[in-house]
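Engineer: need coordinates for the following:
(chains A and B)
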Protein chains: 2
Amino acid sequence: MDFVPVLGYIAGFCTTVAFLPQVYRAWRTKSCKDLSPGMLILFAIGILLWLIFGILIHETPIIIANGVTFFLVMVIVTLKFRFD
Amino acid sequence: MDFVPVLGYIAGFCTTVAFLPQVYRAWRTKSCKDLSPGMLILFAIGILLWLIFGILIHETPIIIANGVTFFLVMVIVTLKFRFD
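Structural biologist: A predicted model of the protein is given here:
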């Protein structure tokens, strides 16, 4: 197995699972007020565009990582609008 | 100019500038307690690995976006450790 795609998968794993402790913290504290709404909206749009970019250049690590990240960011957006 | 790299630059622009309103909010409110430390650490490691991945596959949009994002995330990490 090539090293470069493996590195992409590890990178995608880190930037994707990073949002799990954020979802857990938001759910546990019922508070998202320190999360910037501008950050969440711009980040969600950007992740969606990275997903399309990954599909177009056929880079599976980019596709999987951004697909899952987009889902988790939308969970955080939902929690913010619910709790704030 | 090809469409695909342009899409990559727009995606990178969004996921990078997304952290500017977060830096501004953290600085203005002097509060980062809703930001998960686990999220920040995992995300910073992941962004650094995406940067190396981008260098290895010679994708300039990935290199620039993740270079700038890494800097902004480290600013947020610094503010969190300062304010919390």
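Engineer: contact partners for A:Ala26?
Structural biologist: A:Cys32, A:Leu35, A:Ile76, A:Leu79, A:Lys80, A:Phe83, B:Asp34 (Cβ atoms under 8 Å, 6 or more residues apart in numbering or on different chains). The way it works is simple: take the backbone N, C-alpha and C, and place the C-beta from them, glycine included.
Engineer: which residue in the residues you listed has the weakest pLDDT?
Structural biologist: Across the contacts of A:Ala26, the bottom pLDDT score, 93, is held by A:Phe83.
Engineer: so that residue touches A:Cys32, yeah?
Structural biologist: Yes. In this structure, A:Phe83 is within contact of A:Cys32 by Cβ atoms under 8 Å, at 5.3 Å.
Engineer: the two: which is more packed in?
Structural biologist: Between A:Phe83 and A:Cys32, A:Cys32 has the larger neighbour count (other Cβ atoms under 10 Å in any protein chain shown), namely 24 against 15.
Engineer: please, which helix or strand holds the most centrally placed residue in chain A?
Structural biologist: Centroid-nearest residue in chain A, with Cα atoms, centre = their mean: A:Thr69, separated by 2.5 Å. In this assignment (DSSP states H and E), A:Thr69 forms part of helix A:60-83.
Engineer: got the angle for that helix vs helix B:60-83?
Structural biologist: With axes from the mean of the first three to the mean of the last three Cα atoms, to 10 degrees defining the directions, helix A:60-83 sits at 40 degrees from helix B:60-83.
Engineer: burial check on A:Val73, number of neighbours?
Structural biologist: 23.
Engineer: in JSON lines: the contacts of A:Ala26, plus distance to A:Pro5.
Structural biologist: Below are the contacts of A:Ala26 laid out as JSON lines (distance: Cβ to Cβ, whole Å):
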{"residue": "A:Cys32", "distance to A:Pro5": "34"}
{"residue": "A:Leu35", "distance to A:Pro5": "32"}
{"residue": "A:Ile76", "distance to A:Pro5": "28"}
{"residue": "A:Leu79", "distance to A:Pro5": "33"}
{"residue": "A:Lys80", "distance to A:Pro5": "34"}
{"residue": "A:Phe83", "distance to A:Pro5": "38"}
{"residue": "B:Asp34", "distance to A:Pro5": "35"}
